[in-house]
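J.: Give me the fold of what follows.
(2 chains)
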Amino acid sequence: MEDNKVITRFAPSPTGFMHVGGARTALYAWLLARKNNGQFILRIEDTDKVREVEGSIAHIQKSLKWLGLEWDQGPDIGGSYAPYIQSERLEIYKKYADILIKKGMAYADPYTEEEIEKFRKEAEADKKPFLYREHRREDVLPWDGTKPLRFKVGELKRTVWNDVVWGELSAGPEALDDFILIKSDGYPTYNFAHVVDDIEMGVTHVVRGQEFISSTPKFLSLYEAFGVKPPLFVTTPPIMGPDGKKKLSKRDGAKDILDYEKEGYLPDAMINYLAFLGFNPGGEKEVYIREELINIFDLTKIQCSGAQWNDVKLDWMNKEHIKLLSKEEIKKNILKWLPEKMRNNKIAPKLAPLIFERINKWGDIKDMIARGELSFFFNAPEYPKEKLIFKNTSPEKIKNNLELAIKELEKLDENNFTEENIKNALMSIADKLESRGELLHPVRFALSGLDKSPDPFTIASIIGKNETLSRIQKAI
RNA sequence: GGCCCUAUCGUCUAACGGUUAGGACGGAUCCUUCUCAAGGAUCAAAUCGCGGUCCGAUUCCGCGUAGGGUCACCA
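T.: Numbers count the residues shown, from 1 in each chain, chains lettered A, B, ... in the order given. A predicted model of the protein is given here:
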């Protein structure tokens, strides 16, 4: 039973922040593990010390935690295959390298980088693909660690394998070469290290992007050399930039996943959106909570072709997930995102339902404030008095209507100053007029001072009886 | 350029070889409304092209075309 356990991993290199492409790969690996009650491993592939960016590991972990993709084994929490940082596993790679050397399947590279560059140029001039294996020498020296260690590829053949997502894939013998296992600085290459680790950690499903398809024959030749059955390959399609032309990259505006947290997206919405970029369970439901996502996840329903990133749909998805929250949770979040000054005002809690229907993500609250859509709730607005006029109604009539409004509203008790009661009171006047706007427009403008704003009943109920009457009085 | 792969509304996608090619986002129109937002209703919008197999092709095959990926002591 234990042997059948699903083990997946997310294995980023610590070269900067994590963007949506990496996040989706991690998500699929995580979903697969959770669905099968398996293990999800976080492994750090830091074998390129030049490209490494300080702080990346912490940043990646923070990103995964925000998304709620908790790992079962990893650098911070350990596990039965610790350590989970490749630079701390150098002896293990050495051990595997020795196995290949003993089998005569690995050898020290006798050439200098300049010589290899020359071979490459010659091949290019001949319009032939450059293959290192065509330059093998008989007189190789034993590997002393100062030269790169190369794999000596065995039988040259067409490689055919099966990918869970793409089906049967194949590549000709030109995909096989004597690639480097261990670099001259002592660190293993990705090609070597990840295969060793996946073998050591018992990884059953390798989930990764399609940029690795073309080097899969190399990986398979390594599994064969070690006499190990390869894992299942689950290759994900690329996420394209908003222009649909290129794979989403940092240059094309791929953001740090944590930027979405700063903008006030819900992690569950992000996960839902990400899961559906290149995956669809069939059926017409699109909004899924985390648990449902785990249940419906199905590797065979992952797409092969790239999907374009769409901020607008992400915003919609986020709103759908906000709607799933309780009223109390929504209120709590909105208050949290309001600037301190507004938050501490006693009308702030009453503003929540109104803000809720006007935002897709919490960060939109800041935009609302910047556009001046909330300030009139806190301070009486200033506006040119002509703005009170509705179409070509005379100023006298407007004034008269406002006076009628005051009279009606004064009848309402402060405790009964609700949206519904205000609406009834004002509508009883408005309905007798030629047009309701003759009353509703000036009242609304008196309260908000804006061409576009919520209706007067809502505003009045929020700012309260005294403030409402005072603003209408001022208008008169 | 070599090798590998992909192709359904603008976008994300659904459709045992048989459907009026479905849904969602976005858009348009209408309703609700003094305005905005929200909500409700309706509409427009796609099988890349050419051949082939088949009674029948979005689906299978071939060739084009377009797009993507990859050809490192990077992952």
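
J.: mind checking the backbone torsions on residue A:170?
T.: The main-chain torsion angles of residue A:170 are listed as degrees, to the nearest 10 and equal phi -150, psi 160.

J.: which residues does it contact?
T.: Residue A:170 is in contact with A:158-161, counting by CB atoms under 8 Å, 6 or more residues apart in numbering. Heads up, the C-betas are built off the backbone N, CA and C, glycines and all.

J.: lowest-pLDDT helix or strand in chain A?
T.: Lowest on mean pLDDT, DSSP states H and E among the helices and strands of chain A sits helix A:113-125, with a mean of 89.

J.: what's it in contact with?
T.: Under the contact criterion CB under 8 Å, 6+ apart, helix A:113-125 has outside partners A:111, A:129-132, A:135.

J.: tell me the least confident of those?
T.: pLDDT across those is lowest for residue A:129, at 86.

J.: three-state assignment of it?
T.: In terms of secondary structure, residue A:129 is coil; the call rests on DSSP: H, G, I helix; E, B strand; the rest coil.

J.: List the contacts of it.
T.: In this structure, residue A:129 makes contact with A:123, A:174, judged by CB under 8 Å, 6+ apart.

J.: Can you pull the residues of the stretch 201-350 of chain A lying near RNA strand B?
T.: The stretch 201-350 of chain A has residues A:210-215, A:237-238, A:240, A:244-247, A:276-280, A:282, A:284, A:286, A:301, A:303-308, A:310, A:312-313, A:316 near RNA strand B, with proximity defined as CB under 7 Å from any atom of the strand.

J.: hmm, what's the outermost residue in chain A?
T.: Here the centre of chain A is the reference, and by CA atoms, centre = their mean the most remote residue is residue A:396, at 57.6 Å.

J.: so how far is the helix or strand it falls within off the chain centroid?
T.: Secondary structure here is read from DSSP states H and E; on that basis residue A:396 sits in helix A:395-410. Averaging C-alpha positions (CA atoms, centre = their mean, to the nearest Å) puts helix A:395-410 53 Å from its chain's average.

J.: what's the pLDDT at the residue in the stretch 201-350 of chain A that RNA strand B sits nearest to?
T.: Across the stretch 201-350 of chain A, no residue is closer to RNA strand B than residue A:305, which sits at 2.8 Å (CB to the nearest atom of the strand). Here the pLDDT value assigned to residue A:305 is 93.

J.: wait, what's in contact with the nearest residue to it once chain neighbours are set aside?
T.: Leaving aside its sequence neighbours, residue A:305 sits nearest to residue A:237 (CB to CB, 6 or more residues apart in numbering; 5.8 Å). Contacts of residue A:237 were listed using CB under 8 Å, 6+ apart, and they are A:165, A:210, A:278, A:302-307.

J.: let's see 7 Å
T.: Each residue near residue A:237 by CB atoms under 7 Å, 6 or more residues apart in numbering is listed here: A:210, A:278, A:303-307.

J.: The host helix or strand of residue A:58 close to RNA strand B?
T.: Residue A:58 is located in helix A:56-67, with elements delineated by DSSP H and E. No - no part of helix A:56-67 sits close enough to RNA strand B to count as contact by CB under 7 Å from any atom of the strand; the gap is at least 11.5 Å.
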